[in-house]
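In: Okay, sequence plus prediction incoming.
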Amino acid sequence: MAYPTKQTPEQWAVQLDFAGLEREHGLPAGLLTNLVRQESGGNCSLTSRKGATGLCQFMPATAKGMGIDATDPKQSAQAAAKYLEQLMDMYGGDPEKAIAAYNWGPGNLRRDLRDHPNDWKDHLPAETTHYLAVVGKGIGESFVQKQADGTLTDDDKKREEERRRGELQEAGLGQLSQNMSLGSLLGALFFQLINSFLQNKFDKMDTPGAPVVAPDQVASPTPASVEVPRTPTGSKVAAVGSAPKVSALAH
C-alpha cells in the first residue's frame, strides 16, 4: 500500500489504527500518536543525524533485528507498539519508565534505577526529560495504573486477557490458554519463563567445556567376576562401546 510521505500524527493514528495497536499491546491511549509527533513529526521519510529512519525512528540495526522495513509506516508503528509493550512488561507496567527507556535505552535506564531508585527521573539526561514530558503528556492510564487506582473496567480486563493469551500462544501455550482467567494466564506465562530459563541452564551442562568426571571416579560397568579378554601378547583389549549417556533431565 502506498502511503503519503508526510501527514499529521492524528492522521497517521486513523490510517494505521493506533488505537487498535494500543489495545492489542496494552499501551495507554494516545501514546503512539505522541511518540510519532516527537520522533518524526509524521514524516515517514525522515532520517535523523544519527541515522534513525521512518515514522518511529528506528536505527538500521534495530530495524534489521526486528525484521522490519523502517521506512514502511505500518511496519514502523507495529514495531514501536510491540517494543513499547516489551518495555512496559520490563518495568512493571510503568509507562513513564517505558517511554524513558525507548528514548535513552533500557541499559541506561536500568543503571539509573539501580543507582537512584527513588528519584530516577532527576538523573535523566535533558533530552530524555524533555522526551518523557512530551510523549507522556495526556496519555491514558495503563492497565497496571488502572488496577492500582481501582478503575479497571470489564473491557480493560477483557483486553488484557486477550493480550496475555496472545503472549502465551507465541510461547507455545495457545491451547492451554483458551479457558484461563487473567490470574491463571499470568501464572502460566511466569511458569513458561521460568521453565525456559531452567532448560537453558541444563542445556549448557551438555556443552563442550562442562565439568567431566574423571574415569577413575566412575564405577566400572564390568562385573568383577567377568574375565576381560586379553590379546596374545597379554595386553588387555580396549573396551568397545560404552554405556549410553543419560541426560540430566528426564524427557
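Out: Perfect, thanks for sending it. Residues are numbered from 1 along each chain as shown.

In: give me the low-pLDDT residue ranges for the stretch 51-200 of the chain?
Out: 141-149, 152-153, 155-200 (pLDDT under 70).

In: Where do the helices of the stretch 51-200 of the chain begin and end?
Out: Taking DSSP state H, counting those that start in this stretch, the helices of the stretch 51-200 of the chain run over residues 60-66, 73-90, 95-104, 106-115, 126-135, 143-149, 154-170, 182-205.

In: Export the second one to CSV, keeping only CA atoms.
Out: To tie it back to what came earlier, the one meant is helix 73-90. Taking C-alpha atoms only, helix 73-90 is exported to CSV below (Å, rounded to 0.1, in the frame of the first residue of the first chain):
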residue,chain,number,x,y,z
PRO,A,73,4.9,3.4,8.2
LYS,A,74,2.7,0.4,9.1
GLN,A,75,5.7,-1.8,10.0
SER,A,76,7.3,1.1,11.9
ALA,A,77,4.2,1.7,14.0
GLN,A,78,3.6,-2.0,14.7
ALA,A,79,7.3,-2.5,15.8
ALA,A,80,7.1,0.6,18.0
ALA,A,81,3.9,-0.8,19.7
LYS,A,82,5.5,-4.2,20.2
TYR,A,83,8.7,-2.7,21.6
LEU,A,84,6.8,-0.4,24.0
GLU,A,85,4.8,-3.4,25.2
GLN,A,86,8.1,-5.2,26.0
LEU,A,87,9.3,-2.2,27.9
MET,A,88,6.1,-1.9,29.8
ASP,A,89,6.4,-5.5,30.9
MET,A,90,10.0,-5.0,31.8
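
In: Now do residue 132 against residue 78, distance only.
Out: To residue 78, residue 132 is 23 Å away according to Cβ to Cβ, to the nearest Å. Backbone N, C-alpha and C define where each C-beta goes, glycine included.

In: Of these two, give the one with the bigger neighbour count.
Out: residue 132 (21 against 18; other Cβ atoms under 10 Å).
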